[in-house]
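In: coords please:
(chains A, B, C and D)
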Protein chains: 2
Amino acid sequence: MSRTNSTADQRPYHHGDLHRAIVDAALEVLSESQSTEFSLRELARRAGVSHNAPYKHFSDKRELLAAVSGVGFELLAERMADATKELGSPRERLAAMARAYVSGGVQNPALYRLMFGGYLTGQDSDRPAIERTAAYRMKALVVDAMSGGALGHEIPNNAENERKLDGAILVFWSQMHGLTLLLVDRLVGPGEAMRELSDSVLQSMLDGLANCIPVIPPGVWVGPPLAD
Amino acid sequence: MSRTNSTADQRPYHHGDLHRAIVDAALEVLSESQSTEFSLRELARRAGVSHNAPYKHFSDKRELLAAVSGVGFELLAERMADATKELGSPRERLAAMARAYVSGGVQNPALYRLMFGGYLTGQDSDRPAIERTAAYRMKALVVDAMSGGALGHEIPNNAENERKLDGAILVFWSQMHGLTLLLVDRLVGPGEAMRELSDSVLQSMLDGLANCIPVIPPGVWVGPPLAD
DNA sequence: CACAAAATGTTGACATGGGCAACATTGCAA
DNA sequence: TTGCAATGTTGCCCATGTCAACATTTTGTG
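Out: Below is the predicted model of the structure:
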């Protein structure tokens, strides 16, 4: 006899899926507080579990945050994949992807910062494996959209074009990344014509890329404005 | 008689400029550990002072970090100003500024992240005043270089052009910002042709801007490669 | 089915760190 | 001179990360 519960034995000794519960709680707190400075103990409390239980699932706070970051990458990748699902033209796909990326970041700044903010990089070791693979998967979406767009139009596969493609990917990604973070950090906006500005930034980037990879034709911006 | 120093009374009761000493120590630790997770107590130790002394100068760890961030903005602004000092053409100035910005960020990732990473934004209140003004000063450099470049070539000062200018500034800044952070977080590079890639990113951005603001003529990349 | 081992949770303890409060020392100003 | 403000110091409290030891289940295996 361990427990002296007067009524029903509400919680069984084992939680069931504490791993998930902790990650979910972390996502919650992250959204609420917009800060990664919550405590593992707080998460344990929310999960209705003792302060050390999480350590049976994460060796470290770092590892927990990495798991959260991994979920973030999955969510973002899913968002981007959804956005580009039924679009044919490379330009449309890239545009939709960019919009999904930026709006995803803006909707949960703390999560985005956790994913890209170097909390996982700055320390001693490399990024934990789980998170790294999720990040790579997301990156692959960008790379595919870009090179798929190019290859779809039969660009000769020589070294010169490969170099250009690398450059274009870097332009695309860093532009999205930078724009997202400027918005997230409120360094531009957030008022007035932010949405139009964002759209025009992405558009002019695509126009710029069109010079680099002739496959992406210039064109008007398509699709709905950025979500808020 | 308070101290019973056997030899010389090394430290006077008052430090002299503890504020500065603490900020300097913070910059040191930040560079070394590449993390903002140092303790105020550690800084106090380094400054050879009791663990609570810093609180006479900073109400908060947040405030200390804000001060550090402010110094970071000043350093970066100085760097950018230096880099553009003797350059005439708008394109050259923007190019130099971009290079200074990116290389500054890459040289001290943790500081750059502190400045732009939203540690100061995420919380309850706005960014502390000291830091905010420093950030604005730096932003003004970008804005000036861009609009000065435009005005220098007598662009009609109508609403349409103003809108374009805003867009161009956002493109420029977010591109620099994104590229810097991708490099900083080791999400691209850091090996191989990173420097060339970076240069080509910035170059193609300027080319793109040339379409938007006809004042920035296309041209070859000028100046030395990015410092490492 | 019994039972040992592996999982999973719990309690307790320790060191570290942020931050408050009370006190000490010093410089400065009236 | 004397009293106040600035600056440092000591001591304390509490929250947190993390380790260790112990408790309770689940599960695989004879």
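
In: mind listing the strands for chain A?
Out: With DSSP state E, there are no strands along chain A.

In: For it, name the helix or strand with the lowest mean pLDDT.
Out: For chain A, counting by mean pLDDT, DSSP states H and E, helix A:129-151 ranks last in confidence among helices and strands (a mean of 72).

In: do you know how far A:Gln203 is from DNA strand C?
Out: 44 Å (CB to the nearest atom of the strand, to the nearest Å). C-betas here are computed from N, CA, C, even on glycine.

In: So that residue versus chain B, what's the distance?
Out: Distance, A:Gln203 to chain B, by CB to the nearest CB, to the nearest Å: 9 Å.

In: Run a quick neighbour tally on A:Pro90.
Out: 23 (other CB atoms under 10 Å in any protein chain shown).

In: distance of it from DNA strand D?
Out: 45 Å.

In: so that residue touches A:Ser147, yeah?
Out: No - if you go by CB atoms under 8 Å, A:Pro90 and A:Ser147 don't touch, sitting 9.9 Å apart.

In: quick one, helices of chain A?
Out: Under the criterion DSSP state H, chain A carries helices at the ranges A:18-33, A:40-46, A:61-84, A:90-107, A:109-116, A:129-151, A:159-184, A:194-212.

In: check contacts around A:Val143.
Out: By CB atoms under 8 Å, 6 or more residues apart in numbering or on different chains, the residues touching A:Val143 are A:Ile169.

In: Relative to A:Ser89, how far out is it?
Out: 18 Å (CB to CB, to the nearest Å).

In: Quick one: name the residues of chain A near DNA strand C.
Out: When proximity is defined as CB under 7 Å from any atom of the strand, chain A approaches DNA strand C at A:11, A:13-16, A:18, A:49-53, A:55-57.

In: now these: which count as buried?
Out: Buried residues within the residues of chain A next to DNA strand C, counting neighbours by 16 or more other CB atoms under 10 Å in any protein chain shown: A:15, A:18, A:49, A:53, A:57.

In: any idea of the pLDDT on the nearest residue to the last one once chain neighbours are set aside?
Out: Pointing back at A:His57 there. What sits nearest to A:His57 in space, not counting adjacent residues and going by CB to CB, 6 or more residues apart in numbering or on different chains, is A:His19, at 4.4 Å. pLDDT recorded at A:His19 is 97.

In: give me the number of residues near A:His19?
Out: 15.

In: A:Tyr136 too?
Out: By other CB under 10 Å, 11 other residues sit near A:Tyr136.

In: Quick one: residues contacting it.
Out: Under the criterion of CB under 8 Å, 6+ apart, A:Tyr136 has no neighbours.

In: go again using 10 Å as the cut-off
Out: With CB atoms under 10 Å, 6 or more residues apart in numbering or on different chains as the criterion, the residues that contact A:Tyr136 are A:73, A:143.

In: For DNA strand D, see how far away it is.
Out: The gap separating A:Tyr136 from DNA strand D is 26 Å, by CB to the nearest atom of the strand.

In: Below-threshold pLDDT in chain A: ranges please.
Out: Across chain A, the ranges flagged by pLDDT under 70 are A:1-10, A:13, A:121-131, A:148-156, A:189-194, A:211-228.

In: So what are the structural domains in it, by residue number?
Out: Chain A is divided into the following domains under automatic domain parsing: A:13-58, A:69-212.

In: Relative to A:Phe58, how far out is the residue nearest to A:His57?
Out: Computed as CB to CB, the A:His19 to A:Phe58 distance reads 8 Å.

In: Spit out the residues that contact the two alike.
Out: A:64, A:67.

In: Hmm, A:Ala100 and A:Glu78 touching each other?
Out: Yes - here A:Glu78 lies in contact with A:Ala100, judged by CB atoms under 10 Å, at a distance of 9.4 Å.

In: Now for the two: what residues contact both?
Out: Counting by CB under 10 Å, 6+ apart, the residues touching both A:Glu78 and A:Ala100 are A:Leu141.
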